[in-house]
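> A predicted structure for the sequence below; I have some questions about it.
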Amino acid sequence: MTAKYLLAIDQGTSSSRSVIYDHDARVVASEQQEFPQIYPQPGWVEHDPEAIWASVTSVTRGVLEKAGAVASDVSAVGITNQRETTVIWDRETGEPVYNAIVWQDRRTADFCQSLKNDGLETAVAEKTGLRLDPYFSGTKIAWILDNVDGVRARAEAGKLAFGTIDCFLLWRLTGGRVHATDATNASRTLLFNIHTQTWDDDLLDMFGVPRALLPDVRDCAADYGVATDDSLGGDVPICGIAGDQQAALIGQAGFAPGMTKSTYGTGCFVVANTGDEALLSRNHLLSTVAMRIEGKVTYGLEGSVFVAGSAMQWLRDELRVIDSAPASEAIARRTGVVEDVYVVPAFAGLGAPYWDPDARGAVLGLTRGSGRDDLVTATLQSVAFQTVDLIAAMSEDGIRPSVIRVDGGMVANDWFLQFLADVLEIPVERPENVESTVLGAAYLAGFQAGIVDSPDAISDLWQRDALFEPAMDAAQRERLLQGWNDAVRRIRTDG
Ligand code: ADP
């Protein structure tokens, strides 16, 4: 029997998914499982690596069963993952020495601040494209080395391994034979020089991380070894890895410079392809490896806002003004654009381009006549306004997309996408398959396995479901953006 499927694993922040595709990138079966979040103290977020592993093996076996397939039906496996989340484990036993410290975890804020006080931020940004922020892996590794008994000595003796989640899963899938990661995940650690594509000794010194901990860094489409019997019930080559936002750009066929995708799930992540140039943002955006394929590095400019779809969950679960997130669409449609009420959903501070962690959310402009419908519509509008701020920052850095490809759960909402196109003044395209992240992982695996010929073939497979053209008159757009800017100004804590 010849293999006819690709299997993609998407290990996300709140759930793990496995999807089986046929060789034409059509979904055959999909399986998803949530796993527990651990909050040991305010500002700390951990995952149990064993729970992650158990959820991945369970959805992978589950999806094979659903598709009526066995390991030998699968040509190749691709992996995409929540980025930056940090695991350190014993090379001998495979056992983690501590829980995974999740990207959202803020415990290393003081360490980051002390490095900033030492004037190191510019040097770090020049090498890594990142900011000195607890978000990234570097200070999380240092925390484990400094706070778990005996770990630093074991790390220096070469007995331990560090990995982001892709790397940890790869280790487990290959039965401990392969310790490797891809260039996109490496580019989120603060230890990787994105220009030379190597682990950087100065950065390793700065964060106090022994080189012996680090994985080999490979292209996104590469030979990553073979998943063994124990994990998949048979040998299957692992051929692709990329961090979730980069995988989404690949799933959206964002291969040409200027191509931009915006993902609307819990939060919103925009990544623009900047070609072979790593821009040093002057507007608090990140430069990152967007993909590395056949040895060629493509860079990306990235901005994120923390609250997008989760604002809908807030309306549903806390305010209880809607029954479900999709219900927001009918409400906005009958209400129409709201010009006087502004919701600023800065529940966890403001992300790019403001980076104001102490700001908090607000509702402004209420009058006696303001009601639920205004609030719901204004909340949807706030997600679009935050995207406008990100794209404005990108434009100032020299990247002005001519069209934006959107994906994620929230893009089922047509009213939202029309409003987004209107306030951005940029056309918005929604693909047939809005699950771009996991699709991107499948494409990488398919490319390496010789099933997908080239990035061009991926571009050909990309199909548009809907196009939203800007249609709002300029005066109204101006008034709305003015209102939004005023609202943001009023909640900022940093002047
Ligand atoms: P994640 O991958 O971050 O878990 P998803 O891509 O699955 O997120 O998107 C889910 C989010 O999208 C939820 O926060 C939900 O509130 C929001 N959402 C889903 N459908 C709609 C809709 N029709 N309108 C607005 N928001 C929606």
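Here it is on my side, so go on.
> run a quick neighbour tally on the residue nearest to Asn193 when sequence neighbours are not counted.
Spatially, and ignoring its direct neighbours in sequence, Asn193 is nearest to Asp200 (4.2 Å; C-beta to C-beta, 6 or more residues apart in numbering). Just so you know, the C-beta spots here come from the backbone N, C-alpha and C atoms, and that holds for glycine as well. As a burial measure, Asp200 scores 18 neighbours (other C-beta atoms under 10 Å).
> please report the distance of the residue of the stretch 101-250 of the chain found nearest the ligand from Asp389.
Closest residue of the stretch 101-250 of the chain to the ligand, C-beta to the nearest ligand atom: Asp244 (8.5 Å). For Asp244, the distance to Asp389 (C-beta to C-beta, to the nearest Å) stands at 22 Å.
> run through the residues that contact the residue nearest to Asn193.
Contacts for Asp200 (C-beta atoms under 8 Å, 6 or more residues apart in numbering) come out as 127-128, 191-193.
> give me the helix or strand of this structure that scores worst on average pLDDT.
When each helix and strand of the chain is scored by mean pLDDT, DSSP states H and E, helix 229-232 comes last, with a mean of 77.
> and it, how far from the chain's centre?
27 Å (C-alpha atoms, centre = their mean, to the nearest Å).
> which strands and helices sit next to the very next helix or strand once past that helix?
Moving toward the C-terminus from helix 229-232, the next helix or strand (DSSP states H and E) is strand 236-243. Judged by 3 or more C-beta pairs under 8 Å, 6 or more residues apart in numbering; DSSP states H and E, strand 236-243 is in contact with strand 74-81, helix 165-173, strand 180-182, helix 183-186, strand 226-227, helix 436-448.
> mind checking pLDDT for Phe416?
pLDDT, Phe416: 98.
> ditto for Leu191
Looking at Leu191, the pLDDT reads 98.
> isn't it right next to Thr198, touching?
No - using C-beta atoms under 8 Å, Leu191 is not in contact with Thr198; the gap is 9.9 Å.
> who's more crowded, those two?
Between Leu191 and Thr198, counted using other C-beta under 10 Å, Leu191 has the larger neighbour count: 27 against 12.
> quick one on the thing from earlier: tabulate the contacts of Asp200 (a markdown table), appending secondary structure and distance to the ligand.
Shown next, in a markdown table, are the contacts of Asp200 (DSSP: H, G, I helix; E, B strand; the rest coil; distance: C-beta to the nearest ligand atom, whole Å):
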| residue | secondary structure | distance to the ligand |
| --- | --- | --- |
| Lys127 | helix | 30 |
| Thr128 | helix | 25 |
| Leu191 | coil | 27 |
| Phe192 | strand | 25 |
| Asn193 | strand | 30 |
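> taking these together, which two end up most distant?
Across those, the longest distance by C-beta to C-beta is 9.4 Å; it joins Lys127 and Leu191.
> overlap in contacts of these two?
200, 203.
> tell me which stretches of the stretch 251-400 of the chain form strands.
260-264, 268-275, 286-293, 296-305, 342-344, 362-364 (DSSP state E, counting those that start in this stretch).
> can you tell me the residue of the stretch 151-300 of the chain closest to the ligand?
Gly265 (2.6 Å).
> and the closest residue in space to that residue that isn't next to it in sequence, how close does it get to Gly251?
Distances taken as C-beta to C-beta, 6+ apart place Gly408 nearest to Gly265, at 4.2 Å, with adjacent residues excluded. Plainly put, Gly408 is 11 Å away from Gly251 if you go by C-beta to C-beta.
> when these two are compared, which one has more neighbours?
Higher neighbour count among Gly408 and Gly251: Gly251, with 32 against 22, using other C-beta under 10 Å.
> I'd say that one and Leu444 touch.
No - taking C-beta under 8 Å as the definition, Gly251 is not a contact partner of Leu444, at 9.5 Å.
> buried residues, the least confident helix or strand of the chain. List them.
231-232 (16 or more other C-beta atoms under 10 Å).
> again with stretch 177-189
178-189.
> near the ligand, which residues of this structure show up?
Proximity of the chain to the ligand, by C-beta under 6 Å from any ligand atom, involves residues 12, 14, 265-266, 309-310, 312-313, 325-326, 328-329, 408-410, 412-413.
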